[in-house]
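J.: My questions are about this predicted structure, shown below with the sequence.
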Amino acid sequence: MAASCVYFMEDIANLVEQTASEVAPGISLERHFLSPKHLKEHRPNPSTFLPETIMAMQQHESLSIKNTDGEEELFTDVVCFGSREVAAVLTLGIDVGVAQLQLASRCELAALLDPPEKLGRDWSILAMKLNLTDQVPEVDSTGQSLSRTDQLLAEWALQSPEQASVGRLCAILEEMGRSDARDALYRTVPLYLFAPLDEPPTGSTNGTHHPHEANDSGVMSSSHSTSDPRSSSTISR
């Protein structure tokens, strides 16, 4: 029963998100979850779980998250209706490949990291953190026509697909002191991806919450997933 509820909710949410993206391409959407505990208690104003909180929980390898009232609940209760069966086929947002970042996420990163900062150019610092310093001259030569940040992320996904995950990128952004860019990713990336319970993995999707690889989530154990690389950058500045 819980699994059926999860997939029904996903179908509805995906339909809303797909419709919004067709009406307003590139629109940035966020998923906020209501507290299952408060819903069960029929509270008139149930607390919510913010996307930043859910992603931070994953990054810290925790199993519980705090709602806006400061109360903790299990991630599986909030997202999976308490179903361990569903949790077993869930891919965490931090394990999603950088190659699967949606346009909204890529544009936000480009807007934050491409402009010069007081201490230098953050996109070039990012290149160093990604071991892509040899790509800096070529990326810099594109001028204003393409996002330098997006070109670097595309190259990273091609050269190191197993390491180029959202979680690793968020950790690097935090090392750089760019918590604003990290939080932008937290808000705009898929918080999780599901695979159908009765189907084997069929490869990567387009980066939405639609069915994805049936890899263990990390909610049940510590294994992580990988993604196929994306083609070269298409974001124009």
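T.: Right, received. Where do you want to start?

J.: Let me see the contact set for the most centrally placed residue in the chain.
T.: Centroid-nearest residue in the chain, with Cα atoms, centre = their mean: V189, separated by 2.9 Å. Neighbour list for V189: 55, 93, 96, 101-102, 105, 166 [criterion: Cβ atoms under 8 Å, 6 or more residues apart in numbering]. The C-beta positions use only the backbone N, C-alpha and C, and glycine is treated the same way.

J.: farthest pair in the residues you listed?
T.: Largest separation among these by Cβ to Cβ: M55 and Q102, giving 14.7 Å.

J.: of these two, who's got more company?
T.: M55 (25 against 17; other Cβ atoms under 10 Å).

J.: so who does that one touch?
T.: By Cβ under 8 Å, 6+ apart, the neighbours of M55 are 93-94, 170, 185-186, 189, 191.

J.: what ranges of this structure fall below the confidence cut-off?
T.: 118-120, 196-237 (pLDDT under 70).

J.: the helices in it, which residues?
T.: 2-23, 36-40, 51-59, 75-80, 84-87, 103-113, 122-129, 136-140, 148-159, 166-175, 179-188 (DSSP state H).

J.: Verify the stated contact: A164 with E155.
T.: No. Look at A164 against E155 with Cβ atoms under 8 Å: they stay out of range, at 9.5 Å.

J.: Compare those two and say which one has the larger neighbour count.
T.: A164 (25 against 21).

J.: how far away is that one from H42?
T.: 45 Å (Cβ to Cβ, to the nearest Å).

J.: How about the contacts made by the closest residue to L50 other than its chain neighbours?
T.: Distances taken as Cβ to Cβ, 6 or more residues apart in numbering place H32 nearest to L50, at 6.2 Å, with adjacent residues excluded. Neighbour list for H32: 48-51 [criterion: Cβ under 8 Å, 6+ apart].
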